[in-house]
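Enquirer: Predicted structure and sequence below. I'll ask about it afterward.
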Amino acid sequence: MVGYLRGEIEMDFFHYLELAFSVALEPSNLLMCFLGSLLGTLVGVLPGLGPTATIALLLPITYSMSAVQSIIMLSAIYYGAYYGGTTTSVLMNIPGEAASVVTCIDGYQMARQGRAGAALGISAIGSFIGGTFAIIMLMAMAPPLVRMALKFGAPERAALVFFGLTMVTFLAKGSMLKALMMAVLGLCLGCIGQDVISGSERFTMGIRNLSDGLDIVPVVMGLFGVAEVFLNVEMRFGSVQVLNAKVRDVFPTRQDWKDSAGSIARGSLLGTFLGLLPGGGGILASFLSYAMEKRISKNPERFGKGDIRGVAGPETANNAGAQATFIPLLTLGLPCNAVLAVLMGAFMIHGIVPGPLLLKERPDLFWGVVGSMYIGNAMLVLLNLPFVPLWIKLLKIPYYIFFPLILLICLIGAYSIRNQAFDVGVLIVFGLIGYVLKKWDYETPPLILALILGPMFEEAVNQSLAISNGEIGIFMSRPISATLIITAMVFLVMSLLLKLLRIRRPVGTIDS
Amino acid sequence: MENYPDGKDRAMDRTNTESLKDLLTSLLWLGFAFIFGMAAYRIRLFSLDGPGPGFFPFLCALSLGALSLILCVTMVFKMAVRRTTGESEKHLSEKVYPKRVLIVLSALIFYMLGIEFLGFLLTTLIFMILLLRISGGAWKVTLAVAILSALSAFLVFKILLKVPLPGGWLGI
C-alpha cells in the first residue's frame, strides 16, 4: 500500500500541479477565494473579530457548500487577515492583527513622512512574494512528508500531537506553565461526551445536548469573539485616529526595491521555516524578522524611524509563515495554531481528516487549496492597495456601534448550528470563561488546539497502549515517536528550569 | 517608591496581588483537577482490552493537578523572594467599566432566553437597543442602527441564506 502510494505521489506531481489550477480556477472556487480574501482583509482591518472567530462563525454556513469551496474560502480568510492587518498598523499605529504589531514601528513612521503608499505597497508585494515562496515549499515538501507520515502508527500520531501541543505552549506569549495548563484543560474539555470506543457518556452531567461533546463553533466564538467584546467594553470607548495621510505612489521605487530585496528574501525563508513549527506561524516570524533585520543592518539606528526594511522583512515573513503553517496541517494533520485548528474543524464537518491520506484520497481538495493560495495571494495584492480608502472609512465606525454587530453575528452563528438556544448558552459560558481567563493572564489558543486535537490524541494513546498491552515504553521504543517526545520534553524542562532560575536570582543581577 | 498614607509600599502590594491572584487560580485548578479526576476514576480506568473510558481523562486530571501544584509552589516562592529582595513591578492602571460587562452579559442571556419565544426579529431589535444604549448618545441613532441591523440580519440570514431562525410571537 505504501509503495503504491509512493509511486502514485511521485509520478503524478505535474499532473497535480495542473490539477491545482484547474480546480482553483473553477468559477465557483474562484468566487469563494475572492470572498475569503475580501472577508479576511476586512477581518484584518477591523478590530474585534479575528480570523479564528470569523472562521468559526462561518463554519455552519459551509455546510451547504462543497468541501473544496469551504476550505478555499476559510483558508483565504486566514491568510487574508495578515494582509489586512497591515493597513491599520501603517495608518493608525494600531495592529489589526497580532502579526502586524511590528509593522507599526516603522510603517507608521513612514506614513508620517508621507510614505504610507510605499509602506503599504512594499508590504503587499513582500507578502505576495513570501506567500508564493511558502506555497512552492508546500508543493515541494508535501510528497516526502506524506511518504514519511504514511509510516506513522498510533504511537507516532500520539507523539506528534504531544509535540505539537508542547511547542504551542513553549512559543506562547506569556507564561509557558499557564499555557500548558490551558492545553491540558482543553484535553479535559475534549473528553466531554460519548466515548468513541465504549459508548459510555462522560462528564455530560445528564445534559443530553452534551452527548456529542462540545461543538467547536460556539466555544471558539465565545473564547475569541464574545470574550474580546467583554474586555473591550470594559475600557473607555475612544475615537479612532486615522493618520490623514494621502496614500499615493503605492508601487515601490527602484531605491525601495534595492533596500528591501534582501529583507524580503530573508523574510521568505525565515517565515517559511517558522511556519512549520507548531506554535510558530506569522506572529513569531514577523517579530524574529524585525529583530534579524535590525541586527544585521549596517545602520540599525534607522529602524524605528521609518526604515522600509522594518516593514518589508516582517510583512514578508508573517505571510510566508501563515502559508507555511498549511504544510503540517495538510500533510500530517497537525494544526500549528488555533486558527488552523478551527480550519481543521471545517475539514471534519465535511467528513475529511487532513493528513497523509488527503493527498491520495482527495487530490482535488489538496491541490485545489494549494492552487487557490497562489490566486488568493494575487487577489490580496489587488484588494489591499486600491481599496485602502474604503478600509479607512470602515475603521471610522465607532466601537460602540461595532461591538453589538459582532455579538449579533456570534449569536446567530451559534443558534444556527442546531437551532437550539443551548448552543447560545455555550457561547455565553465560554465568552465568560474566555474573559475571566484573559483577566487572569491565561492564553486561550492552546486550549482550542487541545480541544480539537484531544479526541485524536486520546484515540492514538489508547490504541498504542492496547497494542503494547499497557506497556508505556511503546512510545520510546519507536524512533520517530521517541524523537518527538524527547524533543518536547527537552523544551518543557528547559523552560521550567529557566523560570525557576529567574525567580531565585536576586534583583541587581537581572539583565535589563 | 509610592506609599500608602500608612507608609505601606504600594508597588510591593500590587506585585504581591498579582502573585496572589496566580496562587488562588492555581488552587482553583487544583480543585478542578481533583473533581475531574474523581469523576474519571468512577467511569472506569481499565477494561479487558486496554485503557477504559476514564483512563485518558484521569491522566489529564493528574497532569492538570501537577501543573497547578507547580504554579502554586512557584507563586509562594516568588512572593517569599520578592518580600526578601524588595523587587517590585510597575503597573499601569486604566479606568474600567465593569458595569458594562454585566449589561452585555444580561443582553446575551436575554437573547438566549428570548429568541425562541419572541422570535428572531424582535429579540434582535431589543438586543441591539440594549447594547447601543451602553454608550449613551442620541435615541435617534440608537433606534436607526438597531432597526437597520435587525432588518439587515433578517434579510441576510433568514431570507438569503435560508438559516431557519425562529419566528416566535410575531410569526415571521
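Expert: Okay, I see it. None of these values were measured; they are calculated from a predicted model.
Enquirer: Tell me the spacing between the residue in the stretch 151-300 of chain A that chain B sits nearest to and residue A:330.
Expert: Residue nearest to chain B within the stretch 151-300 of chain A: residue A:195 (3.9 Å; Cβ to the nearest Cβ). (Each C-beta comes from the backbone N, C-alpha and C, glycine too.) To residue A:330, residue A:195 is 29 Å away according to Cβ to Cβ, to the nearest Å.
Enquirer: Could you check which of the two is surrounded by more residues?
Expert: residue A:330 (27 against 20; other Cβ atoms under 10 Å in any protein chain shown).
Enquirer: Starting from the helix or strand hosting the more buried one, tell me the next helix or strand along the chain.
Expert: Counting by DSSP states H and E, the element that carries residue A:330 is helix A:326-332. Remark: after helix A:326-332, the chain's next helix or strand is helix A:338-349, criterion DSSP H and E.
Enquirer: Around residue 53, how many other residues sit close by?
Expert: Unless you meant another one, I'm taking chain A. Look at residue A:53: counted by other Cβ under 10 Å, it has 28 neighbours.
Enquirer: try chain B instead
Expert: Neighbour count for residue B:53, taken as other Cβ under 10 Å: 24.
Enquirer: OK, contacts around it?
Expert: Shown in contact with residue B:53 (Cβ atoms under 8 Å, 6 or more residues apart in numbering or on different chains): A:195, A:197, A:198, A:200, A:202, B:43, B:44.
Enquirer: Check the secondary structure at it for me.
Expert: Secondary structure state of residue B:53, per DSSP: H, G, I helix; E, B strand; the rest coil, is coil.
Enquirer: Without its sequence neighbours, what residue ends up closest to residue A:482?
Expert: residue A:476 (4.7 Å; Cβ to Cβ, 6 or more residues apart in numbering or on different chains).
Enquirer: Would you agree the one you found falls within a helix?
Expert: Yes: using three-state DSSP, the assignment for residue A:476 is a helix.
Enquirer: would you list every one of the helices in chain B?
Expert: Counting by DSSP state H, chain B has helices at residues B:10-43, B:55-85, B:98-118, B:120-132, B:139-153.
Enquirer: Wait, the residue of the stretch 151-300 of chain A closest to chain B touches residue A:202, no?
Expert: Yes: contact criterion Cβ atoms under 8 Å: residue A:195 and residue A:202 qualify, at 5.8 Å.
Enquirer: Residue A:30: how many residues sit nearby?
Expert: Other residues within reach of residue A:30, judged by other Cβ under 10 Å, total 16.
Enquirer: nope, residue A:483 is what I was after
Expert: Other residues close to residue A:483 by other Cβ under 10 Å number 14.
Enquirer: and if you look at residue A:258?
Expert: 11.
Enquirer: mind checking which helix or strand it is in?
Expert: Assessed by DSSP H and E, residue A:258 sits inside helix A:254-275.
Enquirer: and the helix or strand just after that helix, average pLDDT?
Expert: Counting by DSSP H and E, the element after helix A:254-275 in chain order, helix or strand, is helix A:282-296. The average pLDDT for helix A:282-296 rounds to 85.
Enquirer: Name the residues that touch helix A:282-296?
Expert: Here helix A:282-296 has contacts from A:82, A:97-103, A:105, A:171, A:263, A:266-267, A:270-271, A:274-275, A:277, A:300, A:303, A:309-310, A:313-322, A:325, using Cβ under 8 Å, 6+ apart.
Enquirer: buried ones in that helix?
Expert: A:282, A:283, A:284, A:285, A:286, A:287, A:288, A:289, A:290, A:292, A:293, A:294 (16 or more other Cβ atoms under 10 Å in any protein chain shown).
Enquirer: Return the most buried member of the helices of chain B.
Expert: Comparing the helices of chain B by mean neighbour count (mean count of other Cβ atoms under 10 Å in any protein chain shown), helix B:120-132 comes out on top with a mean of 22.
Enquirer: Buried subset of the contacts of residue B:53, written for PyMOL?
Expert: Listed next is the PyMOL selection for buried residues among the contacts of residue B:53, using 16+ other Cβ under 10 Å:
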select buried, (chain A and resi 195+197+202) or (chain B and resi 43+44)
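Enquirer: Closest one of the contacts of residue B:53 to residue A:361?
Expert: Nearest to residue A:361 among the contacts of residue B:53 is residue A:197, at 24.2 Å by Cβ to Cβ.
Enquirer: check contacts around that closest one.
Expert: With the criterion set at Cβ under 8 Å, 6+ apart, residue A:197 makes contact with A:462, B:53.
Enquirer: Repeat that for residue A:74.
Expert: A:36, A:55, A:58, A:59, A:62, A:343, A:346.
Enquirer: Swap in 7 Å and give it another go.
Expert: Contact partners of residue A:74, counting by Cβ atoms under 7 Å, 6 or more residues apart in numbering or on different chains, are A:36, A:55, A:58, A:343, A:346.
Enquirer: so which of the helices of chain B gets nearest residue A:368?
Expert: helix B:139-153 (32.0 Å).
Enquirer: what's that closest one packed up against?
Expert: Contacting helix B:139-153 under the criterion 3 or more Cβ pairs under 7 Å, 6 or more residues apart in numbering or on different chains; DSSP states H and E are the following elements: helix A:399-418, helix B:120-132.
Enquirer: Output the ones you listed in CSV, with distance to residue A:226 appended to each entry.
Expert: Formatted as CSV, the helices and strands packed on helix B:139-153 follow (distance: least, Cβ to Cβ, whole Å):
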stretch, distance to residue A:226
helix A:399-418, 6
helix B:120-132, 12
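Enquirer: Save the helices of chain B as a markdown table, and put in mean pLDDT too.
Expert: Shown next, in a markdown table, are the helices of chain B (pLDDT from 0 to 100):
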| stretch | mean pLDDT |
| --- | --- |
| helix B:10-43 | 85 |
| helix B:55-85 | 87 |
| helix B:98-118 | 92 |
| helix B:120-132 | 93 |
| helix B:139-153 | 92 |
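Enquirer: Out of these, which is closest to residue A:393?
Expert: With Cβ to Cβ as the criterion, residue A:393 lies closest to helix B:139-153 of the helices of chain B, at 16.6 Å.
Enquirer: thinking in terms of the whole chain, how far from its middle is that closest one?
Expert: Its chain's C-alpha centre and that of helix B:139-153 lie 28 Å apart, by Cα atoms, centre = their mean, to the nearest Å.
Enquirer: now stretch A:331-347
Expert: With Cα atoms, centre = their mean, you get 8 Å for stretch A:331-347.
Enquirer: helix or strand for the nearest residue to residue A:46 once chain neighbours are set aside, which one?
Expert: In this structure, residue A:46 finds its nearest non-sequential neighbour in residue A:394, 6.3 Å apart by Cβ to Cβ, 6+ apart. Here residue A:394, judged by DSSP H and E, is contained in helix A:388-395.
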